[in-house]
Every structure is written in structure tokens, then in C-alpha cells.
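Engineer: got a sequence here, can you model it:
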Amino acid sequence: MAVRIAVLYNPTIPEAHGWAERAAAIVRGDLFTEPPEAGRIVVVGGDGTIHAVANARPGAEIAIVPCGSGNDFVKTLGIPCDAESALRLIAGPARPVDVVEYECAPGRRGRYLNIAEVGFGARVVAHAAKLRKVTGRRMSYRLGIVTALAGHRLSPITLDIDGRRVGEYLMTNLIVANGQYFGSGMRPMPDARPDDGLLDIAILNEFGRWKILSQAKVLRSGLPKNHQKIHHFRGREVRVTSPAEVAVEADGEVLGNIPACFRVIPHGLRVVCP
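Structural biologist: Numbering: from 1, shown residues only. Below is the predicted model:
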């Protein structure tokens, strides 16, 4: 039996409909703006659109034509960031990649594919979402960093990995990574592999406003392993708790607050990529 192929596009991205029509002509699939029932879904959009499909249709294969503001997940997989080149791949074979299940307050559950953040990074995403209608998609993240700095506070957290207490920290940001990139091309986690069954974890400890600004370059080129305020771990399950209300985001979507748990599902999704 032939696999049904559908094309999903994000209608809030002006150019997405045109690329979706071209994709539909290649795979002979119908167009949708909500995740359809299909064996393979060609996703025309950004990280948020991919995130939505991975949650709504976990059993479907995914092909991606990136045309969002960040397009960070595809960079780790080697999928071209320009839609024209990505179109050439969408009829090709899929390979398995890991998925991450999350649980966070208040009673929210789901899956993500790329990177989750707890703390400052989640505040930036929340601020960017509010700014997007005024500034546009591409400027909102940069301005979100500036506005999030104004109210930045360190958060006391307790971190457990694979059932073992790792420590207590006065945290600025926690990164739980399946992929390598976030924030429109920053590459904080260059060692992360989305098919190795492990999460790459980094905690930025006691970074105040000035230190966030002065150390911003390390987010672009990879968080150093010998930094006294940055701690690295690997594991399959991460739990984080705090007496304070601390925000959580993944794939550029605000999820909720901690307490939170992140758990890898090895080879939980098939994605078309080189």
C-alpha cells in the first residue's frame, strides 16, 4: 500500500504557501494548514511548525522545507536552509532521529525535537513572542534578549540526571539539547547528536546581566567545557525543580514552568534528510 503524503504549511509565513504548492507538485500531495493524517508530512515552515507536527502526528515521517525565522533544527540534520534546495530532498528516504518527551507545570506534556531551555532562554522566547507582531519575526528574538535582561534574576534549582542528584545551582539558564542550534543560528551544543539516544545538558550558573552580554559569543561557537560557571552533562532523563517559578521553552515555544522532566525517546521519529 502506498504511503499517503500530505503537505502542511504555516499560513502566517507569507512565502510558505508558494513553497507548499511546489512541494505538493513534487510529492503529489494535498495542502493543509493543520496537521493531517498521513504517512509522510512535508512541513513547510519553521521550528514551531515542525514542533506542532511532531506532537500532533507522532507516527508520521516528516520532510522539511524550511522557511521560518530560525530554521535551527534542520541545521543539525544537514537539511539546506534555503527552501529551493530543500525541495530536492522531500521525496527521498527518511532516517530515524531521537525525540524528547517533556512534562512541566501546570500539567503539560508533549514532545520536542531540538533544544529546551529553562530560565533566561525561556524568558527570551516569551518576550520575543510578544514583540513579533510589532517587530517582525526576524528581529523579535534579538530584541527579546534585550527586554528579558531587564528583569533577569538568578533562579535556585535542583538538577537530577538519570535518577541521580547532580547538584543545586543558582542558575541563569539550563539547556537540554537533542540538536545543536537555537536562536537563529547560535550553536551552543556542537557535540549534540540527534540519533545517539542521549541528551546533551549544559547549565549556566550565576551569570548576571553583564556576564550574559559579555559571554554571548560562547552561545554562537559552542559552550566551553573548561568554564568554571558552565557545567556539562549527558543523560537520558533530566529533572529540574525549584521553589521559584521558572519558565520552560522548547523549539521556540513557551511550554510552562518547572518542575519539569525531559526524557529521550531513541529513534522516536523518522525525518527525511541527507
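Engineer: only C-alpha atoms for contact and neighbour calcs from this point on.
Structural biologist: Noted.
Engineer: tell me where the stretch 1-150 of the chain has strands.
Structural biologist: Using DSSP state E, counting those that start in this stretch, the strands assigned to the stretch 1-150 of the chain run over residues 5-9, 30-32, 40-45, 61-66, 94-105, 108-112, 115-119.
Engineer: so for the fourth one, what's the average pLDDT?
Structural biologist: What that stands for is strand 61-66. This predicted structure assigns strand 61-66 an average pLDDT of 98.
Engineer: just checking, what packs against that strand?
Structural biologist: Strand 61-66 sits against strand 40-45, helix 83-87, strand 94-105, strand 253-272, with contacts defined as 3 or more CA pairs under 8 Å, 6 or more residues apart in numbering; DSSP states H and E.
Engineer: circling back to that earlier point, of all the strands of the stretch 1-150 of the chain, which one is nearest Ala260?
Structural biologist: Counting by CA to CA, Ala260 lies closest to strand 94-105 out of those; the figure is 4.2 Å.
Engineer: pull up the pairing partners for the closest one, direction included.
Structural biologist: With DSSP bridges as the criterion, the sheet partners recorded for strand 94-105 are strand 108-112 (antiparallel), strand 253-272 (antiparallel).
Engineer: what's next to it, contact-wise?
Structural biologist: With contacts defined as CA atoms under 8 Å, 6 or more residues apart in numbering, strand 94-105 is touched by 61-63, 109-113, 178, 194-197, 248, 255-273.
Engineer: just the buried members of these?
Structural biologist: When burial is judged by neighbour count using 16 or more other CA atoms under 10 Å, the buried members of those are 61-63, 109-113, 178, 194-195, 197, 248, 255-266, 268-273.
Engineer: CSV please, covering the helices and strands packed on strand 61-66 and showing mean pLDDT.
Structural biologist: Output for the helices and strands packed on strand 61-66, formatted as CSV (pLDDT from 0 to 100):
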stretch, mean pLDDT
strand 40-45, 98
helix 83-87, 97
strand 94-105, 98
strand 253-272, 97
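Engineer: could you chop this structure up by domain?
Structural biologist: Residue ranges for each domain of the chain read 5-92, 99-267, as given by automatic domain parsing.
Engineer: looking at the ones you listed, which has the lowest confidence?
Structural biologist: domain 99-267 (a mean of 92).
Engineer: chain center to that one, what's the gap?
Structural biologist: In terms of CA atoms, centre = their mean, to the nearest Å, the centre of domain 99-267 is set 10 Å apart from its chain centre.
Engineer: start and end of it, how far apart?
Structural biologist: The first and final residues of domain 99-267 sit 7 Å from each other (CA to CA, to the nearest Å).
Engineer: also stretch 175-194?
Structural biologist: 15 Å.
Engineer: now do the same contact list for Arg263.
Structural biologist: Contacts for Arg263 were tallied using CA under 8 Å, 6+ apart; they are 100-102, 236-238.
Engineer: could you redo the last one with a cut-off of 10 Å?
Structural biologist: With contacts defined as CA atoms under 10 Å, 6 or more residues apart in numbering, the neighbours of Arg263 are 99-103, 111, 161-162, 176, 197-199, 235-239.
Engineer: now it: closest residue in space that isn't a chain neighbour?
Structural biologist: With CA to CA, 6 or more residues apart in numbering as the measure, Glu237 is the residue that lies nearest to Arg263, at 4.4 Å, once sequence neighbours are left out.
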